[in-house]
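>>> need a structure here:
(chains A and B)
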Amino acid sequence: MFSGFMVDTWEAASVVAVVAGLAGFFVVARGSAFAAHALPSGAFAGAAGASLLGVSTTLGLGVFSVAGAAAIAALGRQARRDVAAALAIVAMLATGSLFLALGNGYAGEVDSLLFGQVLGVSSAQVEVTAALGAASLALLVVSWRRVLWSSVLPEAAAARGVSPGAADASFLAVLALVTATAVPVVGALLVFSLLVAPPAAARQLAGRPGSAALLGTALALATVWASVALSYEENLPVGFVVGALGALLYAAARLSAGRRGRARRSGCG
Amino acid sequence: MSPLVTALVVGAVVAAVSGPVGVFMVARGQSFAGHALADAGTTGGAAGYLAGVNVLYGFVAFNLVAAAAMEALGGRRAIARDVATGVVLGASLALTALFLHIETSTATTGATVTVLFGSLFSLAPGTVPVVAALGAVSLALSALLYRPLLLSAVHPDLARARGVHPGLVGAGYLAALSLAVSLSAVTIGAILSTALLVGPAAAALHLVRRPAAAMALASLAALACTLGGVGLAYASYHWPPAGRGWPVSFFVVASVLLVYGASLAARRR
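Model (predicted):
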């Protein structure tokens, strides 16, 4: 399980878990799960287009995720944020269906872009993933304070001169980079699970933003490691294991937070 | 019935239902829930595929379960609802990954693509009565909830004073939404379902004030987009690459985006 080609898998999956766990903290704090779903799913259209043109799928993913993030940010100033995300995802997916119809893309490739091929990561892919992951981390660090203030205390952020539009643009740029990093490794649907479920569980358990972000990242790493191990040993699809573990983590965190809340209330009352 | 006539009839029913249901969805900020139900329904569809029952029944059953789970986990705050929707969507995508894994390991088909993208041109004529019946139930539910939904949207306190239970009305609406989504996603695919629910409704809400007028306008716009899209897709069989045809979803989504863009331009003047 730890030999040969599996080393590449462990490395790529760990990079994806770290950036998705950290970015996921903002996804949950801002209530932006729709954008976190729209960008990875829509960006798969870029991969379909790239295979039609015969260029690198990573390039196609990157171009489409950045374009999608820009569209959501621009539309978000005109309309409700959920409407912006909905229009962006249908526009990207419809373009993808056109590319699939015009090209000779076969269904297997679509499956792997949607559900991931984490056990088939190549050494060349690991280098790309590591580079993009480092870029995502750098952008996260640079924009951390701005996005944190606008997510947690919007009024205080405005008082400090952080405009909501600028913070939203920074957040979406992070999401676009994480998408380009993670989709080739774990697939569009899994990125979404990682961006939402472990960070949402962490937020139930940890009070302070910093500890919630770190706990969410740790939970994302644990989820991904357990999933790679389980899918290798039991031949289960990685997408299923990650999604199921994420949902179980969230359910357990809700139960535990609810119990502590009741204990506190009855203690005071 | 020829495939073209079936496509036109089903498209018209879906468009008519999408108007009223979509206006409430956009006004209540439940676009993510609507889209998530379309995606989550594919889980039920895949389960139906595996069990050998009609995909539509799997869709409807799973959608109602998913809607109930979102409502139970969500609570009142917008951010909590967003995260709950995300967790439910992630869990159901995990199940889809499992079902498709089981399915493609026995018979390799483009199951993912069929379930996600759908096609108006591959509908069996027998679906027409079922679609019409489901559409009628969804419209009737929306009509029944029309006044309480509006009242609790505009004056929550007054609604409560008049004995309107906001949770109950919300749950009833979510049931209407999940029926409408099942109906549209199973026939025209998850992408088009979201496009027709969100785009025309958001555009209509930019143009007219009265909810009933917005609903009628949204239905008309959805109808125009669907018929135009089907017509263009039919014509595209003669476009390059010869004999393949461009996907219906591409044309319908492009028309929806044009309508939405036009409504933004009209509002600004």
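
>>> Every contact and neighbour count from this point should use C-alpha atoms.
OK.

>>> In chain A, what residue comes closest to chain B?
The nearest approach of chain A to chain B comes at residue A:240, 4.0 Å away (Cα to the nearest Cα).

>>> mind listing what residue B:208 touches?
Applying Cα atoms under 8 Å, 6 or more residues apart in numbering or on different chains to residue B:208 gives the contacts residue B:214.

>>> Figure out the helix or strand that the residue of chain A closest to chain B lives in.
helix A:238-268 (DSSP states H and E).

>>> what's near enough to touch the closest residue to chain A within the stretch 1-150 of chain B?
Proximity of the stretch 1-150 of chain B to chain A (Cα to the nearest Cα) peaks at residue B:94, 4.0 Å away. Counting by Cα under 8 Å, 6+ apart, residue B:94 makes contact with A:239-244.

>>> Assign a three-state SS to it, would you?
helix (DSSP: H, G, I helix; E, B strand; the rest coil).

>>> so what's the nearest residue to it once chain neighbours are set aside up against?
Closest residue to residue B:94 apart from its sequence neighbours, by Cα to Cα, 6 or more residues apart in numbering or on different chains: residue A:240 at 4.0 Å. Applying Cα under 8 Å, 6+ apart, we find residue A:240 in contact with B:93-98.

>>> and if we set it to 6 Å?
Going by Cα atoms under 6 Å, 6 or more residues apart in numbering or on different chains, residue A:240 touches B:94-95, B:97-98.

>>> Now these in TSV, please, with extra columns for pLDDT.
Output for the contacts of residue A:240, formatted as TSV (pLDDT from 0 to 100):
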residue	pLDDT
B:94	88
B:95	89
B:97	81
B:98	85
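
>>> Can you pull out the low-pLDDT segments for the stretch 51-200 of chain A?
Counting by pLDDT under 70, the ranges of the stretch 51-200 of chain A that qualify are A:104-112, A:115-119.

>>> can we see that at 80?
Within the stretch 51-200 of chain A, the stretches with pLDDT under 80 are A:51-52, A:103-124, A:154.

>>> what does it put close to chain B?
A:82, A:90, A:94, A:98, A:107, A:193, A:197 (Cα under 6 Å from any Cα of the partner chain).

>>> circling back to that earlier point, out of the contacts of residue B:94, which two sit at the greatest distance?
Using Cα to Cα, the contacts of residue B:94 span at most 8.4 Å, a distance reached by A:239 and A:244.

>>> More neighbours: which of the two?
Taking neighbours as other Cα atoms under 10 Å in any protein chain shown, residue A:239 and residue A:244 compare with residue A:239 leading, 32 against 22.

>>> buried set for stretch B:152-163?
B:152, B:156, B:159 (16 or more other Cα atoms under 10 Å in any protein chain shown).

>>> typo on my end, it should be stretch B:140-156
Neighbour counts over stretch B:140-156 (16+ other Cα under 10 Å) mark B:141-142, B:145-146, B:148-152, B:156 as buried.

>>> now swap in stretch B:190-209 and tell me
B:190-206.

>>> and chain A, which of these reach it?
The subset of the buried residues of stretch B:190-209 within reach of chain A, by Cα under 6 Å from any Cα, is B:191, B:195.

>>> coming back round to it: the buried residues of stretch B:152-163 in helices, which ones?
If you go by DSSP state H, the buried residues of stretch B:152-163 have B:152, B:156, B:159 in helices.

>>> Out of the buried residues of stretch B:140-156, which sit inside helices?
Per DSSP H, those map to helices at B:141-142, B:145-146, B:148-152, B:156.

>>> Among those residues, find the lowest-pLDDT one for me.
Ranked by pLDDT, those bottom out at residue B:156 (74).

>>> so who does that one touch?
Here residue B:156 is in contact with no residues (criterion: Cα under 6 Å, 6+ apart).
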